[in-house]
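In: Test case, fold it:
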Amino acid sequence: MRRPGAPSAHRGADAAVDISALAPQESVFFVDHKHAFLGQHELLHPALLELELTKCALTKVENLEGCSALQLLSLNENAIEVVEGLEGLASLTQLELKDNAVKRIPELPPSLAQLTSLDLSYNALRKVRNVGRAALPALEELFLASNKIKNTSGLEDVSAGLTMLELGGNRLEAIGAEMRGLVSLEKLFLGMNRIGAIEHLSPLVKLRQLSLQSNRLTSLAGVDECASLEELYVSENRIESLAGMDGTKLPQLILLDVAGNRLRSLDGVQALSLLEDVWANANQLPELEAALDCLAALPRLETLYLGGNPCSRAKPPPPEPLAAPTAGHGGSVSGLLSNVGSADAQAVFAWKGATGQLPAMVDRHGRPAPPQDAQPAVGTDGAMPMGSGAVRVRPVAEQVEVPAGGGAGGGYDSDGSDDSAASAEEVASMQALEEVANVGIMKAIGAVGMRRSVLPGYRERVLERLPKLRQLDDTPVRRR
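Out: Down below sits the predicted model:
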């Protein structure tokens, strides 16, 4: 990130800019440039403080030996495979190589002794190596998100001053014992891994923010060892209760995110007296009053997400029966269309008739189709026989024009459809069938929306029990 107010040579996607015409600057910032210019150039001068080259098709780091004052080097979204060419950057404090093709961290030069932040997210790393205190003694922030790292080996001798570690989006199956040495850590991000238990965090006495979203946790046991924790994110796991967490050991927790789990009760949250934000939406909480009894014990609660639970959802009404089209559709419709699919960008619907039997197949004019064995696999118009009980509905715009007076009956042609012109009555019948189909789609969509609708009186009751709320679900609270 560039220093606020720093003068810069900033060019966006305009590849026609003449780099040779640019005067030396303290900051150089190029994005989406067609020609990568990490070559010998006067812009790479000894007084350069910041260099950002994003999406410039760079394949290697080179020609920076003369940039002895460089503090920030950002080469994100390029095609760099090897971390090299960093010798002589004795003033460098921030190195960003996010979204490249780096497969391993090599031994870094001693000149990086002042580096405090290293970002190698979105690469192809499989192991954590060469980031220990011997190579990076001043390291405070380490970003290794979205790689292919399977364990935390290599972190045991990292700088004791490390305060932020990002390992989300990897392949970790456990929190390794190597984490116990990160005693200065304040923020730890381990989301989107395969972690099944919270362990080895008790020595992290300064940890304030912990993210374990989208893992395989079934319990919160072990999290209460982090006595300084202020924010806990454990959404999208398999947690069934808060019983494994002793809230009395988390006296500073102000935010709890347990959304998208399997909670059937919020019992235990009462002990977290400083909580200001609770995200408990999309769980299995059955009783609204029981949940509110637990939440009412939190005097500082201002933000609550409780939607998507059985206690906040209205039950969908039973589907309404649909009226059948009057004629020419090969059978009556007794209820909602039971199957909705797609073939050749045209709707396909199947149902059972009033007798409980599947009706015969109908052609594009609404007439009964010939026996299945008389039809080819695929007709010349793209029609595909779909078996007994299937109906292919053409859009009105694709239906044939009806000549005056209708048409005489005839045989079936090679695609299985009637080769005679359709009568006005038949086309009207087909249009009625299409309307029924469209109504069926709308009702199906409406049923999905109804399942997510809010229980009548839900919001009013929550605000009555929790008068200090400022945010309920996605809606700010406005009080008179």
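In: where does the chain dip in pLDDT?
Out: Scanning the chain for pLDDT under 70 picks out the ranges 1-26, 28-30, 32-42, 317, 320-452, 480.
In: per the record, what domains does it have?
Out: Per automatic domain parsing, the domain ranges recorded for the chain read 1-101, 320-400+424-453.
In: Residue 142 sits in which helix or strand?
Out: Per DSSP states H and E, residue 142 falls inside strand 141-143.
In: Also residue 293?
Out: For residue 293, the host element (DSSP H and E) is helix 288-295.
In: How about residue 300?
Out: Going by DSSP H and E, residue 300 is not part of any helix or strand.
In: Could you double-check that it sits in contact with residue 276?
Out: Yes - with contact defined as Cβ atoms under 8 Å, residue 300 and residue 276 form a contacting pair (5.1 Å). For glycine as for every other residue, the C-beta is placed from the backbone atoms N, C-alpha and C.
In: any shared contact partners between those two?
Out: residue 254 (Cβ atoms under 8 Å, 6 or more residues apart in numbering).
In: These two: which is more packed in?
Out: residue 276 (16 against 12; other Cβ atoms under 10 Å).
In: hmm, back to that, tell me which residues are up against the following helix or strand past the strand holding residue 142.
Out: With elements assigned by DSSP H and E, the helix or strand that comes after strand 141-143 is strand 164-166. For strand 164-166, contacts defined as Cβ under 8 Å, 6+ apart pick out 121, 140-145, 155, 182, 185-189.
In: What strands line up against strand 164-166, and which way round?
Out: Note on strand 164-166: by DSSP bridges, its sheet partners are strand 141-143 (parallel), strand 187-189 (parallel).
In: Let me have the ones you listed in a markdown table, extended by mean neighbour count and distance to residue 305.
Out: Converted to a markdown table, the strands paired with strand 164-166 look like this (neighbours: other Cβ atoms under 10 Å; distance: least, Cβ to Cβ, whole Å):
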| stretch | mean neighbour count | distance to residue 305 |
| --- | --- | --- |
| strand 141-143 | 20 | 28 |
| strand 187-189 | 20 | 21 |
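In: Can you tell me which of these is nearest to residue 222?
Out: strand 187-189 (13.2 Å; Cβ to Cβ).
In: Compute the number of surrounding residues for residue 218.
Out: Neighbour count for residue 218, taken as other Cβ under 10 Å: 16.
In: who's in contact with the closest residue to it other than its chain neighbours?
Out: Nearest residue to residue 218 in three dimensions, chain neighbours excluded: residue 238, at 4.9 Å (Cβ to Cβ, 6 or more residues apart in numbering). If a contact means Cβ under 8 Å, 6+ apart, then residue 238 has 216, 217, 218, 261, 262 as its contacts.
In: Put the buried members of those residues into a PyMOL selection.
Out: The buried subset of these, as determined by 16 or more other Cβ atoms under 10 Å, is captured in PyMOL by this line:
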select buried, resi 217+218+261
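In: List just the nearest of the contacts of residue 238 to residue 198.
Out: Taking Cβ to Cβ as the measure, residue 217 is the one of the contacts of residue 238 closest to residue 198, at 6.9 Å.
In: what about that closest one, distance to residue 262?
Out: Residue 217 is 11 Å from residue 262, where distance means Cβ to Cβ, to the nearest Å.
In: For the two, list the residues in contact with both.
Out: 238, 239.
In: tally of neighbours for residue 292?
Out: 18.
In: Please read the previous query as pertaining to residue 318.
Out: 8.
In: re the thing from before, would you turn the contacts of strand 164-166 into CSV with distance to residue 81?
Out: Converted to CSV, the contacts of strand 164-166 look like this (distance: Cβ to Cβ, whole Å):
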residue, distance to residue 81
121, 16
140, 27
141, 23
142, 20
143, 19
144, 17
145, 19
155, 24
182, 29
185, 30
186, 33
187, 29
188, 29
189, 26
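In: and which of those residues is nearest to residue 50?
Out: When the contacts of strand 164-166 are compared for distance to residue 50 (Cβ to Cβ), residue 141 comes out closest, at 17.1 Å.
In: what's across from the closest one in the sheet?
Out: The partner residues for residue 141, given DSSP bridges, come to residue 117, residue 164.
In: OK, contacts around it?
Out: Counted by Cβ under 8 Å, 6+ apart, residue 141 has contacts 116, 117, 118, 119, 162, 163, 164.
In: just residue 133 next, same as before
Out: Counting by Cβ under 8 Å, 6+ apart, residue 133 makes contact with 139, 157, 158, 159, 160.
In: The first one against residue 162, yeah?
Out: This means residue 139. Yes - with contacts counted by Cβ under 8 Å, residue 139 reaches residue 162, the gap being 5.8 Å.
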